[in-house]
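# Using only what follows, build the 3D model:
(one chain, ligands or ions: 1)
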Amino acid sequence: MSRIPLISGNWKMNLNHFEAIQLVQKLSYELRNHDYERVEVSVHPPFTNIRSIQTVIDADRMNFRLGAQNCHAEASGAFTGDVSPAMLQKLDVEFVIVGHSERRALSGETDELVAAKAKSVFAHSMVPIVCVGETLEHREGGEAEAIVETQVKGSLADLSKDQLSQVVIAYEPVWAIGTGQTASAEDAQAMCSHIRSVVAAIHGPAETELRIQYGGSVNVSNAAELMAMEDIDGALVGGASLEAASFAGIVSFQEV
Ligand code: 13P
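Next comes the predicted model:
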């Protein structure tokens, strides 16, 4: 079975809504119809920009999938400052990143919370991009596979079999994020293959349909090599997604 790669731009806490509109317009100008036939492209602006980007995508009939970077697990309630999956659904958001390592590290998100968010995202007819990845300490201690396995099992714990084949997993080694240091294509492949077998052990057929992205200093020069790997089905891109030419270069990678 061939899986359509998903290339996602995680803008993190960057760009106001004017800058965000400019970026999607430039990106749309750089890409051609055949690019969208090979890959799906999602953009994940900060919450304050989502409505503006939704309007531009809609008005100009752009081929981007709209994404968010996080959401609360509950549909509504007394959660000051949070944004609910129901609100994102109403804005035509299709993909929601959950459990990014920055949220796990800086906001104390646990696998249990990530699992509740992933379940809630599905319940609101969107698809979660569930992030997992080891720290440098874990890798140097030979624990990378075990840590990632625990994260995968814990973060997907609340999903049905059907949801397990639709979910997207992003393998992002923490030491590769924003550092310019990428996992070698072979190491990234080995971990993504391990993740696929962990999910397959929970639910057989998901093994073939499940999309697994690699993230961590993906750029124009390393995207093709990473994406050529059998178990890597796309990329979750931070820094390089903030510039139209570099993100477009990643999206239109040439197969190696
Ligand atoms: P960089 O591409 O900047 O390393 O960020 C990766 C990331 O965290 C995407 O979610």
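
# can you map out the helices along the stretch 1-150 of the chain?
Under the criterion DSSP state H, counting those that start in this stretch, helices of the stretch 1-150 of the chain are mapped to 17-30, 33-38, 47-59, 85-90, 101-106, 111-123, 136-140, 144-155.

# Show me what the longest one packs onto, helices and strands only.
In this structure, helix 17-30 makes packing contacts with helix 47-59, helix 244-251, judged by 3 or more Cβ pairs under 8 Å, 6 or more residues apart in numbering; DSSP states H and E. Backbone N, C-alpha and C define where each C-beta goes, glycine included.

# and the angle for the first one with helix 17-30?
By that I understand helix 47-59. For helix 47-59 against helix 17-30, the angle by axes from the mean of the first three to the mean of the last three Cα atoms, to 10 degrees is 40 degrees.

# what comes up buried for helix 47-59?
In terms of neighbour count (16 or more other Cβ atoms under 10 Å), helix 47-59 has its buried residues at 49-50, 52-54, 56-57.

# Beyond the worst-scoring helix or strand of the chain on mean pLDDT, next helix or strand please.
Here the helix or strand of the chain ranked lowest by mean pLDDT, DSSP states H and E is helix 206-209, holding a mean of 70. Following helix 206-209 in sequence order, the next helix or strand is strand 211-215 (DSSP states H and E).

# That following strand pairs with which strands, and in what direction?
strand 168-171 (parallel), strand 234-237 (parallel) (DSSP bridges).

# what's the average pLDDT for that strand?
The average pLDDT for strand 211-215 rounds to 98.

# so after that strand, what's the next helix or strand?
Assigned by DSSP H and E, the successor of strand 211-215 is helix 223-227.

# Can you tell me which residues in the chain are near the ligand?
10, 100, 172, 177-178, 215-218, 236-240 (Cβ under 6 Å from any ligand atom).

# and if we set it to 5 Å?
10, 177-178, 215, 217, 236, 238-239 (Cβ under 5 Å from any ligand atom).

# The closest residue to the ligand within the stretch 101-250 of the chain: what's it in contact with?
The stretch 101-250 of the chain approaches the ligand most closely through residue 238 (2.2 Å), counting by Cβ to the nearest ligand atom. Contacts for residue 238 (Cβ atoms under 8 Å, 6 or more residues apart in numbering) come out as 10, 12, 177-178, 215.

# The closest residue to residue 103 other than its chain neighbours and residue 117, how far apart?
Once flanking residues are discounted, residue 103 sits nearest to residue 109: 4.7 Å by Cβ to Cβ, 6 or more residues apart in numbering. Separation of residue 109 from residue 117 (Cβ to Cβ, to the nearest Å) stands at 8 Å.

# Just want to know which of the two has more residues nearby.
Shown here are residue 109 and residue 117; by other Cβ atoms under 10 Å, residue 117 has more neighbours (26 against 20).

# ok, the nearest residue to that one once chain neighbours are set aside to residue 4 distance?
Among residues not flanking residue 117 along the chain, residue 98 sits closest, at 4.3 Å (Cβ to Cβ, 6+ apart). Distance of residue 98 to residue 4, given as Cβ to Cβ: 21 Å.
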